[in-house]
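> structure here, sequence nowhere to be found:
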């Protein structure tokens with residue numbers, strides 16, 4: 001890939017990152033759902049495997065907060081679809 005093309009791609013990605021940083025949580029969850037829908041099933045399976053590998057790593061408040069965030073995001077994704 002040419003340097004100019006790489007710089008153009010980076011500019012687009014930086015612009016997207018800035019835009020995402022300005023979204024509220026509900027909009028970020030919707031964006032994440034859309035992005036996930038673009039991923040091949042194999043990529044989603046790798047994420048599931050990574051999350052399963054982390055099972056039991058957190059305890060107490062950290063565990064509860066993480067579980068609440070994951071379940072809350074999943075619920076929001078289901079509601080938005």
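Great, that's in hand. Quick caveat, the model's predicted, so the values are computed rather than measured.
> neighbours of residue 18, how many?
Applying other CB atoms under 10 Å, we find 9 residues neighbouring residue 18. All C-beta spots, glycine's among them, are computed from the backbone N, C-alpha and C.
> so it: helix, strand or coil?
helix (DSSP: H, G, I helix; E, B strand; the rest coil).
> and stretch 27-47, what's its mean pLDDT?
In this model, stretch 27-47 has a mean pLDDT of 82.
> any buried residues in that stretch, and which?
29-30, 33 (16 or more other CB atoms under 10 Å).
> end-to-end on it?
Terminal residues of stretch 27-47 lie 22 Å apart, using CA to CA, to the nearest Å.
> show me which of the buried residues of stretch 27-47 is closest to residue 47.
Among the buried residues of stretch 27-47, residue 33 lies closest to residue 47 (CB to CB), at 13.5 Å.
> helix or strand: which one has the residue nearest the centre of the chain?
Among the residues of the chain, the one closest to the centroid is residue 32, at 5.0 Å (CA atoms, centre = their mean). Take DSSP states H and E as the rule and residue 32 turns out to sit in helix 25-38.
> element containing residue 11, please.
Per DSSP H and E: helix 3-21 holds residue 11.
> ok, now residue 70?
Judged by DSSP H and E, residue 70 forms part of helix 60-80.
> now do that helix, average pLDDT.
Per-residue scores along helix 60-80 average to 68.
> distance of the residue nearest to the centre of the chain relative to residue 57?
Separation of residue 32 from residue 57 (CB to CB, to the nearest Å): 22 Å.
> next helix or strand past the helix holding residue 32?
Next element after helix 25-38 (DSSP H and E): helix 41-54.
> so how far is that following helix off the chain centroid?
13 Å (CA atoms, centre = their mean, to the nearest Å).
> before we move on, what about stretch 17-33?
10 Å.
> can you give me the end-to-end span of that stretch?
Distance across stretch 17-33, first residue to last, is 16 Å (CA to CA).
> again with stretch 18-30
Rule used - CA to CA; the end-to-end distance of stretch 18-30 is 17 Å.
> what's the answer for stretch 49-64, then?
20 Å.
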